[in-house]
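**Student:** prediction below, plus the sequence it came from.
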Amino acid sequence: MNDSLITTLGLSAAVIGAVTYFPQLYRITKTKHTKDISLPTYLLLDLVTCMWFVYALLTSDIPLILNGSLVMVCVFSITALKIRYG
């Protein structure tokens, strides 16, 4: 496989992976209902996402950097909304 195809695959996976959080984030902002969201789960996701992002920066892995930055925005937002709305 050539490098550009591998990079395209990685970038596509990064964007699609991050987009999976959008429906949850949209629903929370629309309904302000977070009762069924697990705070411990999202706190762990925050930690893991930060760790992957640091790893991506240290290895200069562009698809992981893209994914990490997008996912961090989503999971930190969901965590903040969970704390705000209970």
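**Tutor:** Yep, that arrived. This one's a predicted model, so the numbers in the text were calculated from it and none came from an experiment.

**Student:** what comes up buried for stretch 58-78?
**Tutor:** By 16 or more other Cβ atoms under 10 Å, the buried positions in stretch 58-78 come out as 61, 63-68, 70-72, 74-75, 77-78. Every residue, glycine included, has its C-beta placed from N, CA and C.

**Student:** please apply the same query to stretch 47-60.
**Tutor:** Buried residues in stretch 47-60 (16+ other Cβ under 10 Å): 49, 52, 53, 56.

**Student:** please compute how far that stretch lies from its chain's middle.
**Tutor:** The chain centre lies 12 Å from the centre of stretch 47-60; the measure is Cα atoms, centre = their mean, to the nearest Å.

**Student:** helix or strand with the lowest mean pLDDT in this protein?
**Tutor:** Here the helix or strand of the chain ranked lowest by mean pLDDT, DSSP states H and E is helix 3-19, holding a mean of 89.

**Student:** just the pLDDT at the closest residue to residue 21 other than its chain neighbours, thanks.
**Tutor:** Nearest in space to residue 21, with sequence neighbours left out and distances taken as Cβ to Cβ, 6 or more residues apart in numbering, is residue 74 at 3.6 Å. For residue 74, the pLDDT comes out at 95.

**Student:** tell me the contacts of residue 74?
**Tutor:** Residue 74 sits next to 18, 21, 22, 25 when contact means Cβ atoms under 8 Å, 6 or more residues apart in numbering.

**Student:** tell me how far it lies from residue 3.
**Tutor:** Here residue 74 is placed at a distance of 29 Å from residue 3 (Cβ to Cβ, to the nearest Å).

**Student:** looking at the buried residues of stretch 58-78, which one is closest to residue 29?
**Tutor:** Nearest to residue 29 among the buried residues of stretch 58-78, counting by Cβ to Cβ, is residue 77 at 8.5 Å.

**Student:** tell me the pLDDT of the closest residue to the closest one other than its chain neighbours.
**Tutor:** Using Cβ to Cβ, 6+ apart and skipping residues adjacent in sequence, the residue nearest residue 77 is residue 25, 5.8 Å away. Note on residue 25: pLDDT of 94.
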